[in-house]
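Undergrad: Output the structure for:
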Amino acid sequence: MVVLCGKKLHLFMEQILGFIDHILFSNPENGFIVAKLKESRKKELTLIVGNMPSVQPGETLLCEGIWKNHPVHGKQFEVASYSVRSPSDLLGIQKYLESGLIKGIGPVYAKKIVEKFGLDTLVILDQQPERLKEIQGIGRKKITTIQHCWSEQKSIREVIIFLRSYEISPSFAQKIFKRYGNKSLEKIKENPFALAKEIFGIGFKSADKMAEKMGFAPDDPKRISSGIEYVLWEMTSEGHTCALESSFLQEAGKILLVDHRLIQKTIDQMVLENLLVRQELLFEETAQKFLYLNAYYFSEDGIAKEIVRLKNTPSFIRKIEQDKAVEWVQKKIHIRLAQEQIEGIKKSLSEKLHVITGGPGTGKSTIINAILTITEKITDQIVLAAPTGRAAKRMSQITRRRAQTIHALLEYDFGSQGFRKNKENPLKGNLFIIDESSMIDTLLMFHLLRALPSHARVIFVGDIDQLPSVGAGQVLKDLIASNVCPVTRLVEIFRQSSGSSIILNAHKINNGEFPFLNNEPWSDFQFFELADPLQIQKKILSLVAQELPAKKFHPIEDIQVLSPMKKGPLGTETLNLLLQNALNPSDSPFFRGGERFHIGDKVMQMRNNYNKEVYNGDIGRISSIDPGSQTVKVNFEGREAEYEFHELEELSLSYAVSVHKYQGSECPCIVMPIHLCHFKLLYRNLLYTAVTRGKKKVVLVGTKQAVAMTIKNKEVEKRYTGLKAALCKRNALPPPEAKSPYEMLLPGFND
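TA: A predicted model of the protein is given here:
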């Protein structure tokens, strides 16, 4: 199979044959690579460039193209088309085996096998794998692993060849094969749109291109329904749990490019078949129709139902004299509480549900400790939890009591693909305190609430002015707006925090006031004014690699660069590559799916992976990369998770991360560019969230104009949700006894 690289055919094309020795550069967006090719009977490696998505070291390529002289890099071969071949010489065979493409064979065994079998090596692996036992150290178990992987690679190669003909990255072949096995090609041909739903990383647009080349008509029902679901899922990735139907038709029309009447007809049919939910909600004081994916509609309705259940059931914690308890706890913890804190503690001792919200330095931690100190005298069944590992760890440090992530608390069951803790098997506890509650998305809140025992008292603690959850919804905001439970708002900044420029500036930003800016080295809040994005890049590199480490901040562990955007000269992608080169360079980088990884790299988990017990936003360090076993190990704060090579797109470099991804976490030092090139995302709550992530120091680099624009922009990114309406509706009704439809309709929701 010959793959064109997007180059015009040239009259004087030449061909070269060799194996990829190593890759120097790879762009995941377009598959462009710069690599060194080892040609037979040539001592020096050949520099090749071109669009060759997911080509791996060790693969033998027949490349067609033209020779060019680059003014800086010299002679290079520009590839116009290529095809993957079986290696034909001993060095090529050895390089192929040691590349990690065959699990169980690393550099040591690759050399031994080639020395023993020579040019017959691939034939032996294919037809007589049992002969591998002639190699010292290779036993029956390893032969079985190698044999299985070799057979699997042959099948995957068929999928790769098929995908390449439809311009789908070969990096997805292994994931497709893992999902569908030997029926992979059959499944793809039957319904390519299923790939967008079932294979992480393949979007509707890629599947649509494939389907078009396979002959699927633009108005094919599979295409229309898949496109509708795709647009709805895309909206959930932007935070919406539902879509205004009138504007949704416009968005779906842009993607599907078919008559809106056909889209409307398909929506109506999907609603009739219970594949979608249509709900009437108030929008701008007018009742309008909204569309939901089932998971989000029944989760919002489920949250409302569970809130009513918890509110209407008596607590197991006995009543106490609140005034005496408050007076006693002040002496016990040696602190004088403010009136708003006292009111918050009293509500927490009497109400079944209570929300405590406030900014940094307003005493949320003090209230939690006071409530715990009092309640521990009445019951020992107290549970502390937070949405992320870092937030749970910080909660443990503040309270000196065990805190868990919500996911760990609910105990994910790999067999049923659901949580072990649920309505039928509830959590044990009389008091639940949930910190960083603004980060909890709709789906997670649904699972948490339905696992809480009816007699439990629940306190949600969070900062409502921060960015909403990464996942869809704005649960804490909707819960407060619905007025279904008491809310304590903390606004006073306490004496121990009043000397912090970080906290003072955070509150000024949140109140729409311009912060105090200076670049004095003694200040815990510095601002460096630079207008040129390239100069901002240089300053950030200097700060992270030299200036801040000189002040005892570790460049990787103690400093986190945040950015509003992913793309552009000051986006996370560009900053990550620059920071990786500066902080953790490597002579032997590892490329997978266009990403470049080094041992020691700081990486972030980009989606929940319950099997590995790592979750969206967790940050760790790469501890090992093993081509022989095709695995990468990542240390997440003392706990190691193992990734197979095809799973590495779940990881991203995290020297620089988005503000959204970092909410709920804290770091000793935060560095952030703030520039008008980010104008689309310069919201007040984004800057407020970024600033409140820094414990000891915050450094902004950019322009005062961008700071001013951000502070003036008090609008938040609008999220369409129906939770407030569901809470208000359910709160007026007695708690229903019958099972809700979601317990029958949703796979994975029925534990």
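Undergrad: residue boundaries of the helices in the stretch 251-400 of the chain?
TA: For the stretch 251-400 of the chain, the helices defined by DSSP state H, counting those that start in this stretch cover 260-272, 294-311, 322-332, 339-350, 364-375, 389-399.
Undergrad: right, I mislabeled it, should have said the stretch 51-200 of the chain
TA: According to DSSP H, counting those that start in this stretch, the helices that the stretch 51-200 of the chain contains are 90-98, 107-117, 121-127, 140-164, 173-180, 184-190, 194-198.
Undergrad: Output the contacting helices and strands for the longest one.
TA: Put plainly, it is helix 140-164. helix 121-127, helix 173-180, helix 184-190 (3 or more CB pairs under 8 Å, 6 or more residues apart in numbering; DSSP states H and E). Using the backbone N, CA and C atoms, a C-beta is placed for each residue, glycine as well.
Undergrad: what about these, which gets the closest to residue 463?
TA: Residue 463 lies closest to helix 173-180 among those, at 37.8 Å (CB to CB).
Undergrad: Please work out the average pLDDT along that closest one.
TA: Averaging pLDDT along helix 173-180 gives 81.
Undergrad: hmm, who's touching it?
TA: 152, 155-157, 159-160, 163, 184, 186-188, 195, 198-201, 645-646 (CB atoms under 8 Å, 6 or more residues apart in numbering).
Undergrad: and if you look at stretch 676-691?
TA: 465-467, 502, 505-506, 509-510, 512, 525, 533, 562-565, 568-570, 659-660, 662-663, 670, 672, 674, 698, 703, 705-707, 709-717.
Undergrad: Report the distance from that stretch to the chain centre.
TA: 20 Å (CA atoms, centre = their mean, to the nearest Å).
Undergrad: before we move on, what about stretch 341-354?
TA: So, by CA atoms, centre = their mean, the centroid of stretch 341-354 is 35 Å from its chain's centroid.
Undergrad: quick one on the thing from earlier: out of the contacts of stretch 676-691, which are inside helices?
TA: Counting by DSSP state H, the members of the contacts of stretch 676-691 that fall within helices are 502, 505-506, 509-510, 533, 659-660, 662, 705-707, 709-712.
Undergrad: Top of those by number of neighbours, please.
TA: residue 506 (29 neighbours; other CB atoms under 10 Å).
Undergrad: so it sits right up against residue 692, yeah?
TA: Yes: judged on CB atoms under 8 Å, residue 506 makes contact with residue 692 at a distance of 5.1 Å.
Undergrad: what touches both of these two?
TA: With CB under 8 Å, 6+ apart, residue 506 and residue 692 have common neighbours 359, 360.
Undergrad: Show me the two of the ones in helices among the contacts of stretch 676-691 that sit farthest apart.
TA: Longest span within the ones in helices among the contacts of stretch 676-691, CB to CB: 510 and 533, 27.3 Å.
Undergrad: Tell me where the stretch 51-200 of the chain is predicted with low confidence.
TA: 54, 99-101, 164, 167, 169-171 (pLDDT under 70).
Undergrad: Mind doing that once more with 90?
TA: 51-60, 69-74, 81-110, 119, 121-123, 125-127, 129, 136-191, 194-200 (pLDDT under 90).
Undergrad: Next: the stretch 251-400 of the chain.
TA: Those would be 281-287, 318-319, 334-336, 338, 359-363, 388-394, if you go by pLDDT under 90 across the stretch 251-400 of the chain.
Undergrad: quick one: average pLDDT of stretch 647-662?
TA: 92.
Undergrad: Span of it from start to end?
TA: 22 Å (CA to CA, to the nearest Å).
Undergrad: One more: stretch 585-598?
TA: Using CA to CA, first and last residues of stretch 585-598 are 8 Å apart.
Undergrad: Quick check: buried residues in it?
TA: 589, 590, 591, 592, 593, 594, 595, 596, 597, 598 (16 or more other CB atoms under 10 Å).
Undergrad: Reformat the residues you listed as JSON lines; add secondary structure.
TA: JSON lines is the format used below for the buried residues of stretch 585-598 (DSSP: H, G, I helix; E, B strand; the rest coil):
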{"residue": "589", "secondary structure": "coil"}
{"residue": "590", "secondary structure": "strand"}
{"residue": "591", "secondary structure": "strand"}
{"residue": "592", "secondary structure": "strand"}
{"residue": "593", "secondary structure": "coil"}
{"residue": "594", "secondary structure": "coil"}
{"residue": "595", "secondary structure": "strand"}
{"residue": "596", "secondary structure": "strand"}
{"residue": "597", "secondary structure": "strand"}
{"residue": "598", "secondary structure": "coil"}
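Undergrad: Hmm, residue 605 and residue 651 touching each other?
TA: Yes: Residue 651 is within contact range of residue 605, at 6.5 Å (criterion: CB under 8 Å).
Undergrad: what residues does stretch 584-600 touch?
TA: 22-23, 26-29, 31, 33, 53-54, 56-57, 169, 171, 556, 577, 580, 601-603, 621-625, 632, 645, 648-649, 651-653.
Undergrad: residue ranges for the helices of the stretch 501-650 of the chain, please.
TA: For the stretch 501-650 of the chain, the helices defined by DSSP H, counting those that start in this stretch occupy 501-510, 533-542, 572-583.
Undergrad: Output the contacting helices and strands for the last one.
TA: Pointing back at helix 572-583 there. helix 533-542, strand 559-563, strand 651-653, strand 656-658.
Undergrad: Now those in CSV, please, with extra columns for distance to residue 321.
TA: Putting those into CSV (distance: least, CB to CB, whole Å) gives the following:
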stretch, distance to residue 321
helix 533-542, 56
strand 559-563, 46
strand 651-653, 53
strand 656-658, 48
